[in-house]
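Trainee: Sequence plus the predicted model coming up.
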Amino acid sequence: MDRLRYWLLLTISRRPKAFVRGAGVLVAVLLVAGALAAMVMVDHGRTAQRHAEALRIFEGITAESTALLDDLSRDDGLDCSYESLAYLNTRLLESRYLREIGLLDADRRLVCSTALGRLAEPVKGDYPVHVSRSGLELLDDIPLTMAGKKLKATIIQRPPVNVVVSPYATDDLNARADVLWLRTTEGLVALHAGVEPRLLPAMRARAGRLAASGASPRGLGYELVTMSEGQDLVLQTQRGLPAILMRGGALFPLLLAGSLLIAALAAGTIAPYVARLGHLRNRIGFLCDEAHLALVYQPLFELATGRPVGCEVLARLKEGDSQWLPSVMIPAILGAGLERRFDHAVARKAIAELSAHLPSIDERFGIALNCFPPSVDAATLAPVLQGALQASGRRDLDVCVEITEHSLASDLVKEVQGLQALGFLVAVDDFGTGYSNLKSVTRLSPDLLKIDGSFVYELEDATLRASLIPEIVRIAKAVDAETVAEGIQNARQMQLLLAEGVRYGQGFGLGMPMPVEEFVGFVAERLADGHRE
Ligand SMILES: Nc1nc2c(ncn2[C@@H]2O[C@H](COP(=O)(O)O[C@H]3[C@@H](O)[C@H](n4cnc5c(=O)[nH]c(N)nc54)O[C@@H]3COP(=O)(O)O)[C@@H](O)[C@H]2O)c(=O)[nH]1
């Protein structure tokens with residue numbers, strides 16, 4: 001879980017823009033998928049409702065026509081006389097769905113009807129008669145002219161009578177499904193098809209399978225097929241995504257535009273959070289260990305002899321191919337409150353690395369460790385240092401804990417004394433940049449005062465700042481501490497510092513910070529050269 005979290009944070013830090021874009025795309029995809037799912041559900045509800053209405057209409061047509069045909073076929077007195085046709089017209093007035101009643105001869109030819117009256121010649125169109133499972137005889141798509149309009153109608157017959165279903169009712173019916181199937185003894189016959197004819201065979205097969213199983217409604221996926229127990233009608237409407245989108249009209253483009261807008265706003269909103277997530281502070285907890293430390297060692301010299309007497313340990317952090325310098329990693333460590341964990345890891349690694357590589361020489365060798373104020377705690381730091389020294393098996397190493405002048409506080413005195421009592425040295429780093437005076441330094445009683453590089457840089461120009469160096473040397477003498485000058489860039493500065501009575505020095509001019517193998521070679525070379533440049 002931790003590894004996954006770290007991987008995620010690292011990925012975010014490396015490609016924050018890609019992450020924000022990815023999140024935006026994800027939001028857009030989810031919203032679009034949600035909108036599609038909602039459209040599918042709404043469409044299902046609407047389609048099921050339309051089918052149910054269609055079944056009700058068909059049921060009305062069937063009930064009316066069956067009742068009327070039953071009644072009229074029992075009536076022996078019907079003929080094409082004016083009285084008969086007038087009587088049939090009165091029967092039509094009671095009907096909601098039927099518009100015409102016709103009388104047929106023995107050959108099923110129409111001889112007269114309520115709309116046409118008596119025909120000059122009996123007519124018989126060449127239309128197939130579909131016989132439904134319940135015995136209803138239907139002729140569909142019959143061209144008629146009604147109230148001056150050319151319409152297509154369905155005729156239901158039971159010789160010697162037939163009835164014409166209102167074309168408005170069949171239109172209403174047809175508008176409520178893609179295909180209307182009549183269940184016949186031979187299978188499904190299309191009464192109306194609002195889809196391309198090439199699709200019909202496969203649709204018939206699917207509707208037939210579902211109709212055979214007798215359930216209603218069916219086919220929530222690709223099509224909705226609805227039928228009712230005991231009814232001859234099967235309704236089928238396509239429910240594939242393209243069909244649903246077509247039925248939705250402008251709704252989907254609107255939802256798509258809305259989703260994209262929301263996704264863009266979401267991406268813009270999360271961008272600052274992503275930038276914050278990508279900060280090293282969020283990953284530093286995974287990096288504060290020896291495996292991720294890359295230490296460099298800056299040599300420390302006795303200025304009078306040029307002898308390397310120790311080093312300052314300077315940390316960098318490795319993270320994949322990246323290396324974080326103190327300017328980046330220190331704010332992250334402070335932000336995450338990992339000062340102790342970090343300083344302890346540096347101490348363990350530096351002592352182990354140096355003791356493994358540095359050959360024993362007759363003289364003692366100092367290892368100066370920078371410590372954050374919370375780490376200057378004898379109870380927790382001393383066991384770490386003692387453990388590392390014990391594991392190294394070396395007795396010629398002196399560990400010096402460096403505290404910056406800015407972090408000096410009265411409660412540090414006890415900790416410093418505790419460390420010194422256990423044999424560790426204590427140095428005040430960056431001395432001269434803070435507000436400490438003889439009194440506060442006397443209370444702390446450090447072993448070394450490190451003169452900040454800013455004094456050394458100005459030494460050759462004899463500025464007011466540089467003129468304070470003798471004062472610092474005087475304070476050091478008063479508290480019985482040695483002086484170390486930082487940031488020495490050249491031999492001239494070294495000579496001036498020697499003349500001021502500064503004993504030790506370090507700086508790019510004397511030796512750069514180096515990885516351990518290079519550092520050990522550098523020290524060996526200097527010792528072999530008899531200490532002098
Ligand atoms: N708690 C810990 N703090 C640490 C550790 N490692 C480093 N630090 C702190 O980071 C500060 C910056 O360190 P760095 O970038 O490594 O710079 C050091 C030297 O490279 C630089 N230096 C040394 N000589 C010269 C020089 O001649 N010229 C020049 N321009 N720069 C030089 O100075 C930095 C060392 O300064 P100081 O500590 O004051 O001796 C650093 O200040 C540490 O506080 C760590 O492991 N733990």
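Mentor: Nice, thanks for sending it over.

Trainee: give me the number of residues near the closest residue to residue 336 other than its chain neighbours?
Mentor: Setting aside the residues directly before and after it, residue 336 is nearest to residue 284 in space (C-beta to C-beta, 6 or more residues apart in numbering), at 4.9 Å. The way it works is simple: take the backbone N, C-alpha and C, and place the C-beta from them, glycine included. Other residues near residue 284 come to 24 when the count uses other C-beta atoms under 10 Å.

Trainee: hang on, residue 284 packs against residue 338?
Mentor: Yes: the pair residue 284 and residue 338 qualifies as a contact (C-beta atoms under 8 Å) at a distance of 6.0 Å.

Trainee: Residue 418 and residue 380 touch, don't they?
Mentor: No: applying C-beta under 8 Å as the test, residue 418 and residue 380 come out as separate, 10.8 Å apart.

Trainee: Centre of the chain to stretch 169-187, how far?
Mentor: 48 Å (C-alpha atoms, centre = their mean, to the nearest Å).

Trainee: Please disregard the earlier target; I meant stretch 365-374.
Mentor: The chain centroid and the centroid of stretch 365-374 are separated by 43 Å, computed with C-alpha atoms, centre = their mean.

Trainee: Quick check: neighbours shared by residue 284 and residue 338?
Mentor: Between them, residue 284 and residue 338 share no neighbouring residue, with contact defined by C-beta atoms under 8 Å, 6 or more residues apart in numbering.

Trainee: So which residues on this protein come close to the ligand?
Mentor: Among all residues of the chain, those adjacent to the ligand (criterion: C-beta under 6 Å from any ligand atom) are 298, 312-315, 325-326, 330, 343, 346, 370-372, 429-430, 453, 486-487, 489, 507-508, 513.

Trainee: tell me which element residue 95 is part of?
Mentor: Using DSSP states H and E, residue 95 is not contained in any helix or strand.

Trainee: what residues are up against it?
Mentor: Residue 95 makes contact with 64, 68, according to C-beta under 8 Å, 6+ apart.

Trainee: Pull up the gap between it and residue 163, please.
Mentor: Counting by C-beta to C-beta, to the nearest Å, the separation of residue 95 from residue 163 is 8 Å.

Trainee: which residues are in contact with both of those two?
Mentor: Contact with both residue 95 and residue 163 is made by residues residue 68, according to C-beta under 8 Å, 6+ apart.

Trainee: and the closest residue to the ligand within the stretch 351-500 of the chain, what are its phi and psi?
Mentor: Nearest residue of the stretch 351-500 of the chain to the ligand: residue 370, at 3.5 Å (C-beta to the nearest ligand atom). With angles defined as degrees, to the nearest 10, residue 370 shows backbone torsions of phi -70, psi 140.

Trainee: ditto for residue 184
Mentor: Torsion angles, degrees, to the nearest 10, at residue 184: phi -120, psi 170.

Trainee: And for residue 102?
Mentor: Main-chain dihedrals, residue 102, degrees, to the nearest 10: phi -120, psi 160.

Trainee: ok, it - contacts?
Mentor: 110, 111, 112, 113, 114, 116, 155, 161, 162, 163, 164.

Trainee: what do you get for residue 124?
Mentor: When contacts are counted by C-beta under 8 Å, 6+ apart, residue 124 touches 107, 108, 109, 110.

Trainee: and with 10 Å instead?
Mentor: Contact criterion C-beta atoms under 10 Å, 6 or more residues apart in numbering gives 104, 105, 107, 108, 109, 110 as the residues in contact with residue 124.

Trainee: likewise residue 476?
Mentor: The contact partners of residue 476, taken as C-beta under 10 Å, 6+ apart, are 428, 431, 441, 446, 448-451, 482-484, 501-503.

Trainee: mind listing what's buried in stretch 500-519?
Mentor: By neighbour count on 16 or more other C-beta atoms under 10 Å, the buried set for stretch 500-519 is 500, 502-507, 509-511, 513-514, 516, 519.

Trainee: coming back round to it: just put the contacts of residue 124 in JSON lines and tack on secondary structure, neighbour count and pLDDT.
Mentor: Compiled in JSON lines, the contacts of residue 124 are given as follows (DSSP: H, G, I helix; E, B strand; the rest coil; neighbours: other C-beta atoms under 10 Å; pLDDT from 0 to 100):
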{"residue": "104", "secondary structure": "strand", "neighbour count": "19", "pLDDT": "95"}
{"residue": "105", "secondary structure": "coil", "neighbour count": "13", "pLDDT": "93"}
{"residue": "107", "secondary structure": "coil", "neighbour count": "9", "pLDDT": "92"}
{"residue": "108", "secondary structure": "coil", "neighbour count": "14", "pLDDT": "91"}
{"residue": "109", "secondary structure": "coil", "neighbour count": "16", "pLDDT": "94"}
{"residue": "110", "secondary structure": "strand", "neighbour count": "19", "pLDDT": "95"}
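
Trainee: from the residues you listed, which single one is nearest residue 31?
Mentor: For residue 31, the closest of these turns out to be residue 110, at 60.4 Å, with distances computed as C-beta to C-beta.

Trainee: quick one: the closest residue to the ligand within the stretch 51-200 of the chain from residue 223, how far?
Mentor: Taking C-beta to the nearest ligand atom, the ligand has its nearest neighbour within the stretch 51-200 of the chain at residue 199, 74.5 Å off. Taken as C-beta to C-beta, the spacing of residue 199 relative to residue 223 amounts to 10 Å.

Trainee: quick one: which of these two has more around it?
Mentor: A count of neighbours by other C-beta under 10 Å puts residue 223 above the other of residue 199 and residue 223, at 20 against 13.

Trainee: ok, the more buried one touching residue 205?
Mentor: No: with the criterion set as C-beta atoms under 10 Å, residue 223 and residue 205 do not qualify as a contacting pair; they are 11.2 Å apart.

Trainee: intersection of neighbour lists for the two?
Mentor: Contact with both residue 223 and residue 205 is made by no residue, according to C-beta under 10 Å, 6+ apart.

Trainee: looking at this structure, which helix or strand is least sure?
Mentor: Between all helices and strands in the chain, the lowest mean by mean pLDDT, DSSP states H and E belongs to helix 438-444, at a mean of 78.

Trainee: what helices or strands is that one leaning on?
Mentor: Taking 3 or more C-beta pairs under 10 Å, 6 or more residues apart in numbering; DSSP states H and E as the contact definition, the neighbouring helices and strands of helix 438-444 are helix 412-421, strand 425-431, helix 469-478.

Trainee: Phi, psi for the closest residue to the ligand within the stretch 151-300 of the chain please.
Mentor: When distances are taken as C-beta to the nearest ligand atom, the stretch 151-300 of the chain approaches the ligand most closely through residue 298, which lies 5.6 Å from it. With angles defined as degrees, to the nearest 10, residue 298 sits at phi -100, psi 120.
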